[in-house]
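Enquirer: Could you look at this predicted model? Sequence included:
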Amino acid sequence: MERNGTVSEKELERQKEYMARMRELNEGFFAENGRRRKMHITTFGCQMNAHDSEKLAGILKEMGYVETEEEKDADFIIYNTCCVRENAENKVYGNLGYLKNRKKQNPDMRIALCGCMMQQKSVLQTIKEKYKHVDIVFGTFNLYKLAELLYINMTTNSPVFDIWKEHGEIVEDLPAIRHFKYKASVNIMFGCDNFCSYCIVPYVRGRERSRCPQDILNEVKALAADGVKEVTLLGQNVNSYGKGLDEKISFAELLRLVNDVEGIERIRFMTSHPKDLSDELIYAMRDCEKVCRHIHLPFQAGNNEILRVMNRHYTKEYYLSLVEKIRKEIPDISVTTDIMVGFPGEGEKEIEDTIDVIKKAKFNSAFTFIYSKRTGTPAAVMENRVSEEDAKRNFNRVLDVLNDVIYEQNKLKVGNVYKVLADDVSAGDESYITGRLDDNSLVHFKGDRSLLGKIFDVRITDCKTFYLIGEKV
Ligand code: 5AD
Ligand code: SF4
């Protein structure tokens, strides 16, 4: 059955056939060696990639692999790569160099590369020339083919490269292993049409396409039935959800539908582009009791000329008025952002505008990046480059202001009681639990594992820049 030309059950059946064949091969390995083959996935980049890795893990489990925490124990290693900034790419090359010797010691080991970085021709060329120990390379449009590609590689013993230039159908109902039992991500759309002049995402993730609301709702309902309380709806630019679907539906309408799913208690979404954040969405957030009081709204830079050259389609004044409008409708909302420093043409006046936005918007948290030149994007050929030294100095200035602003925002919470979803045991201290407030603030408090996955009241007793400290009441 095909719905909107996006779903292929036939393709899923084909992949299930390959999963079964792989399982047979792996059962053979188990019979011979008395242990199951182990796999390890390293994820670079954003939540979209993290969610893709959950799908890869689901497929690998179907094929009879068991997950290992330690890459060095793995028989099958996948790097799910990112190419938004150069340092993420360098890390992959560094790791690959190191794996060369390991593979010599264990020729049965398999290495696969996938994700955004692989969508670039030059990368594929480099892998073929310099990293001949890589067994399988695939891209962002065909990760559902993992079983088939691995099967071909295992049975022919030759490398397999399968990169698509553009998207095919959206394959629904892939198996997935969720990282958390109580919270899950759900793709609502793929790709991006915005072409910000610095950004490589539209070239490696393709054109925007939305999943049918019914498929999304079915997935959310299935997650709720499986004990999930919090869903994060994922898209590069969720505000343009629905474009191109036969059915007329906006992101705000989708939020209201997801809000009605029984069992789900919290709804988050990522990422919103300021240029098309509608009043309708603000009202939906205000009205839907399950939609979290948090919006991630990247502003990138504060200077209007820089914003124009970035192709962002808004001004500093528009951005600030938008934040004001959101805070007026939803007073307890937290606003978080992405900031880029060192874009071509950025000087003293320009960085002051960025700092001004930080002070005025009073962000609750932010990701900050130094501009990284991405070959193939319009910004890569701009001449007025900022020196590394200036970029680093401005980056630190921005961080200083930002940290003060965030700390002030956190201080306002001390003494208050908030609902917290307990996520995990604290990394540093087993007697502490980490959780998230509705507004996405991170909180540490005394407790034990029995609290994980539950939502309860926590009083905030103290704060640092990057987290709150509390006690369960
Ligand atoms: N250099 C630095 N940061 C970038 N981002 C996107 N492209 C680049 C680049 N070339 C940042 C933006 C975006 C976030 C996901 O990554 O801030 O919002
Ligand atoms: Fe990149 Fe801009 Fe699309 Fe975000 S909206 S993915 S920054 S092109």
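Expert: Yep, that arrived. Since the model is a prediction, treat every value here as computed from it, not as a measurement. Ligands and ions are numbered 1, 2, ... in the order given.

Enquirer: From Arg110, how far out is Tyr319?
Expert: 47 Å (CB to CB, to the nearest Å). (C-beta placed from N, C-alpha, C; glycine too.)

Enquirer: Tell me which of the two has more neighbours.
Expert: Tyr319 (24 against 21; other CB atoms under 10 Å).

Enquirer: Quick check: that one touching Phe299?
Expert: Yes - assessed by CB atoms under 8 Å, Tyr319 is found in contact with Phe299 at 5.1 Å.

Enquirer: Please enumerate the shared neighbours of those two.
Expert: The contact sets of Tyr319 and Phe299 overlap at 274, 357, 361 (CB atoms under 8 Å, 6 or more residues apart in numbering).

Enquirer: What is the nearest of those residues to ligand 2?
Expert: Proximity of the shared contacts of Tyr319 and Phe299 to ligand 2 (CB to the nearest ligand atom) peaks at Pro274, which lies at 9.9 Å.

Enquirer: Tell me which residues touch that closest one, please.
Expert: 297-299, 312, 314, 318-319, 322.

Enquirer: In helices only, show me the residues you listed.
Expert: In this view, the contacts of Pro274 that belong to helices under DSSP state H are 318-319, 322.

Enquirer: before we move on, back to that, output the contacts of Pro274 in a markdown table, with pLDDT and distance to Ile267 appended to each entry.
Expert: Listed next are those as a markdown table, based on pLDDT from 0 to 100; distance: CB to CB, whole Å:
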| residue | pLDDT | distance to Ile267 |
| --- | --- | --- |
| Leu297 | 97 | 17 |
| Pro298 | 98 | 20 |
| Phe299 | 97 | 23 |
| Arg312 | 98 | 27 |
| Tyr314 | 98 | 25 |
| Tyr318 | 98 | 26 |
| Tyr319 | 98 | 24 |
| Leu322 | 98 | 21 |
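
Enquirer: among those residues, which are within reach of ligand 1?
Expert: When contact is defined as CB under 6 Å from any ligand atom, the contacts of Pro274 meet ligand 1 at Pro298.

Enquirer: Could you turn the buried ones of the contacts of Pro274 into a PyMOL selection?
Expert: With 16 or more other CB atoms under 10 Å as the criterion, this PyMOL line picks the buried residues out of the contacts of Pro274:
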select buried, resi 297+298+299+312+314+319+322
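
Enquirer: what's the most distant pair in the contacts of Pro274?
Expert: Using CB to CB, the contacts of Pro274 reach their maximum pairwise distance at Pro298 and Tyr318, which is 13.9 Å.

Enquirer: okay, the contacts of Pro274 in TSV with distance to ligand 2 next?
Expert: As requested, the contacts of Pro274 are exported to TSV (distance: CB to the nearest ligand atom, whole Å):
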residue	distance to ligand 2
Leu297	12
Pro298	7
Phe299	11
Arg312	8
Tyr314	12
Tyr318	16
Tyr319	14
Leu322	16
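
Enquirer: Go through the contacts of Pro274 and say which is closest to Ala225.
Expert: Leu297 (32.3 Å).

Enquirer: where does the stretch 1-150 of the chain have low pLDDT?
Expert: 1-7 (pLDDT under 70).

Enquirer: near ligand 1, which residues of it show up?
Expert: 84-85.

Enquirer: what's the closest non-adjacent residue to Ile200?
Expert: Arg374 (4.3 Å; CB to CB, 6 or more residues apart in numbering).

Enquirer: any idea how far that neighbour is from Lys229?
Expert: Computed as CB to CB, the Arg374 to Lys229 distance reads 38 Å.

Enquirer: cool, and Ala380?
Expert: Per CB to CB, Ala380 is found 43 Å from Lys229.

Enquirer: who has more neighbours, these two?
Expert: Per other CB under 10 Å, whichever of Ala380 and Lys229 has more neighbours is Lys229, with 20 against 15.

Enquirer: which residues touch that one?
Expert: By CB under 8 Å, 6+ apart, the contact list for Lys229 reads 182-183, 263-266, 421, 453, 455.

Enquirer: Turn those residues into CSV, including distance to ligand 1 and pLDDT.
Expert: As requested, the contacts of Lys229 are exported to CSV (distance: CB to the nearest ligand atom, whole Å; pLDDT from 0 to 100):
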residue, distance to ligand 1, pLDDT
Tyr182, 26, 93
Lys183, 21, 94
Gly263, 31, 96
Ile264, 26, 97
Glu265, 28, 97
Arg266, 23, 98
Leu421, 24, 96
Gly453, 29, 93
Ile455, 29, 94
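
Enquirer: Which PyMOL command selects the buried ones in those residues?
Expert: Of the contacts of Lys229, the buried ones can be selected in PyMOL as follows, counting by 16+ other CB under 10 Å:
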select buried, resi 182+183+264+265+266+421+453+455
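
Enquirer: For ligand 2, state which of the contacts of Lys229 is nearest.
Expert: Checking those one by one against ligand 2 (CB to the nearest ligand atom), the nearest turns out to be Lys183, at 23.2 Å.

Enquirer: pretty sure the closest one contacts Thr232?
Expert: Yes - in this structure Lys183 lies within contact range of Thr232 using CB under 8 Å: 7.2 Å.

Enquirer: ranges for the strands of the stretch 151-300 of the chain?
Expert: 160-162, 183-187, 189-190, 209-210, 230-234, 266-270, 294-296 (DSSP state E, counting those that start in this stretch).

Enquirer: Dump those strands into TSV; add distance to Leu96 as well.
Expert: Shown next, in TSV, are those (distance: least, CB to CB, whole Å):
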stretch	distance to Leu96
strand 160-162	15
strand 183-187	27
strand 189-190	27
strand 209-210	31
strand 230-234	28
strand 266-270	29
strand 294-296	32
